[in-house]
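Asker: Starting from these lines, generate the structure:
(chains A and B)
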Amino acid sequence: SQTIHQWPATLVQPVGSPLSLECTVEGTSNPNLYWYRQAAGRGLQLLFYSVGIGQISSEVPQNLSASRPQDRQFILSSKKLLLSDSGFYLCAWSGRIGNYEQYFGPGTRLTVT
Amino acid sequence: AQSVAQPEDQVNVAEGNPLTVKCTYSVSGNPYLFWYVQYPNRGLQFLLKYITGDNLVKGSYGFEAEFNKSQTSFHLKKPSALVSDSALYFCAVENRGYQKVTFGTGTKLQVIP
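Answerer: Alright, predicted model coming up:
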């Protein structure tokens, strides 16, 4: 069966510090991968998605970036965090053929102070 | 462009009563439609999807949804609500083949004992 991991679960970082959030998927190959941010426990904002290694599409211009160095690894980064980067970050994967739904990781709660 | 509307910020229903959570969508092509549920401080969990075929789809935990093309709706339903159904529910749409999903803003379901 497939599983998706995210870490860390919670993170408190000062403004201006760097960020690295990691997401890995097990039990599937060549997944589509997604990063979302959820503010105030409500709507999801798609940040990045990837259909393959090194292929990243950005949905919102901001100080965040994403990378996919391996097939099942997706990393969200920032060089300098802003207060507005606080939120709940969710990674998700979906299959290429057959299953169109997304499967979400447990999330990372980021607080920028 | 594609969009999803969940017109109710919150739905309250008594335990044992039927529940409906509303969703309407807008997409230029043929849609894939999804419902997800989120419990506090957790990632989203997939409930059900409409891809093609029968307009009434059944999913996890006794939930079902009806695809109505003429009304561009995909309302989530359950015949008898449980207190454990209390959570945040998201409707989502994908323009077929584009691999990018748009989520609604979520509806909080409160089942009252």
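
Asker: Low-confidence regions, chain A specifically.
Answerer: Along chain A, segments meeting pLDDT under 70 span A:41, A:61, A:98-99.

Asker: Now do the contacts for B:A81.
Answerer: Applying CB atoms under 8 Å, 6 or more residues apart in numbering or on different chains to B:A81 gives the contacts B:V13, B:A14, B:E15, B:G16, B:N17, B:P18, B:L19, B:L109, B:V111. Any C-beta I mention is one placed from the backbone N, CA and C, and that applies to glycine too.

Asker: Do you know the pLDDT at the first one?
Answerer: Turning to B:V13, the model gives it a pLDDT of 98.

Asker: Any idea what it is bridged to?
Answerer: B:V111 (DSSP bridges).

Asker: pretty sure it is touching B:T107, no?
Answerer: No - the pair B:V13 / B:T107 is not scored as a contact, 11.6 Å apart, by CB atoms under 8 Å.

Asker: Please list the residues of chain B that sit near chain A.
Answerer: B:32, B:34, B:36, B:40-46, B:49, B:51, B:88, B:90, B:94, B:99-106 (CB under 8 Å from any CB of the partner chain).

Asker: can you rerun that using 6 Å?
Answerer: B:Y32, B:F34, B:G43, B:L44, B:F46, B:K49, B:Q99, B:F103, B:T105, B:G106 (CB under 6 Å from any CB of the partner chain).

Asker: now these in TSV, with neighbour count and distance to A:Q6?
Answerer: Listed next are the residues of chain B next to chain A as TSV, based on neighbours: other CB atoms under 10 Å in any protein chain shown; distance: CB to CB, whole Å:
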residue	neighbour count	distance to A:Q6
B:Y32	21	25
B:F34	27	21
B:G43	21	8
B:L44	28	13
B:F46	20	17
B:K49	19	23
B:Q99	16	21
B:F103	22	18
B:T105	15	23
B:G106	25	20
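
Asker: Which of those sits closest to A:E22?
Answerer: A:E22 lies nearest to B:G43 out of the residues of chain B next to chain A, by CB to CB, at 15.0 Å.

Asker: The residue of chain A found nearest chain B: neighbouring residues, count only.
Answerer: Residue of chain A nearest chain B, by CB to the nearest CB: A:F104 (3.5 Å). Residues near A:F104, counting by other CB atoms under 10 Å in any protein chain shown, number 21.

Asker: How about chain B: which residue is closest to chain A?
Answerer: Proximity of chain B to chain A (CB to the nearest CB) peaks at B:G43, 3.5 Å away.

Asker: Test my guess that that residue contacts A:Q102.
Answerer: No - with contacts counted by CB atoms under 6 Å, B:G43 stays clear of A:Q102, the gap being 9.9 Å.

Asker: Point out the residues in chain A that sit beside chain B.
Answerer: Contact residues (CB under 6 Å from any CB) of chain A with chain B: A:N32, A:R42, A:G43, A:L44, A:L90, A:Y100, A:E101, A:F104, A:G105, A:P106, A:G107.
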